[in-house]
Structure formats: structure tokens, C-alpha cells
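Engineer: this one's structure only:
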């Protein structure tokens, strides 16, 4: 599964964009991987893989956006 697919599935399941989770994590003062993982799994209902994908977005949004763009380009060329 691509990174973009993980993020798209999270949007579909929760109706929330990554920016929502990023802002909420900041508001709660969550920064460490372990605390973000526990919160996303318990409070937000994400599975382990989806939570890890969201953690990348929360901790490094530039890299996450670049990965989503790269995945979108690959999807277009594979069609």
C-alpha cells in the first residue's frame, strides 16, 4: 500500500484531513512517536499502520506531502 493510500483511507474512515490530526496532536502536546501511536490507535480508532502513516505527517509534513505527490505521479504513469 502506498503512503497516499494510507492517508486516503484515513480520510475516508474518519472524514478528517491530516492537518486535523496534526493540529489536535499539537494542541494535546503530543510529540513522541510512542505517545502519538497510542493516542491515534486508542482515541482516533486508527490501526497500527495507519497510525504510523499519520505520525509521519504530524512529525514531518513536508516529507509526507512529497511522498503523497510521488505516489500520485506513480499512479498516473501506471494507468
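Structural biologist: Thanks, I have the structure now. Remember, it's a predicted structure, so these values are computed and weren't measured experimentally.
Engineer: C-alpha only now, for contacts and for neighbours.
Structural biologist: Will do.
Engineer: geometric centre of the protein: which residue is closest?
Structural biologist: Among the residues of the chain, residue 54 comes closest to the average C-alpha position under Cα atoms, centre = their mean, at 2.2 Å.
Engineer: which helices and strands does the helix or strand hosting that residue pack with?
Structural biologist: Of the helices and strands defined by DSSP states H and E, residue 54 is found in helix 48-59. Contacting helix 48-59 under the criterion 3 or more Cα pairs under 8 Å, 6 or more residues apart in numbering; DSSP states H and E are the following elements: helix 3-14, helix 18-28, helix 33-42, helix 61-78.
Engineer: just send those back as CSV, with distance to residue 50 and mean neighbour count too.
Structural biologist: What follows is the helices and strands packed on helix 48-59, written out as CSV (distance: least, Cα to Cα, whole Å; neighbours: other Cα atoms under 10 Å):
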stretch, distance to residue 50, mean neighbour count
helix 3-14, 6, 16
helix 18-28, 11, 14
helix 33-42, 9, 16
helix 61-78, 13, 13
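Engineer: distance to residue 48 and mean pLDDT for these - can I get that in JSON lines?
Structural biologist: JSON lines is the format used below for these (distance: least, Cα to Cα, whole Å; pLDDT from 0 to 100):
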{"stretch": "helix 3-14", "distance to residue 48": "11", "mean pLDDT": "97"}
{"stretch": "helix 18-28", "distance to residue 48": "15", "mean pLDDT": "98"}
{"stretch": "helix 33-42", "distance to residue 48": "7", "mean pLDDT": "98"}
{"stretch": "helix 61-78", "distance to residue 48": "17", "mean pLDDT": "94"}
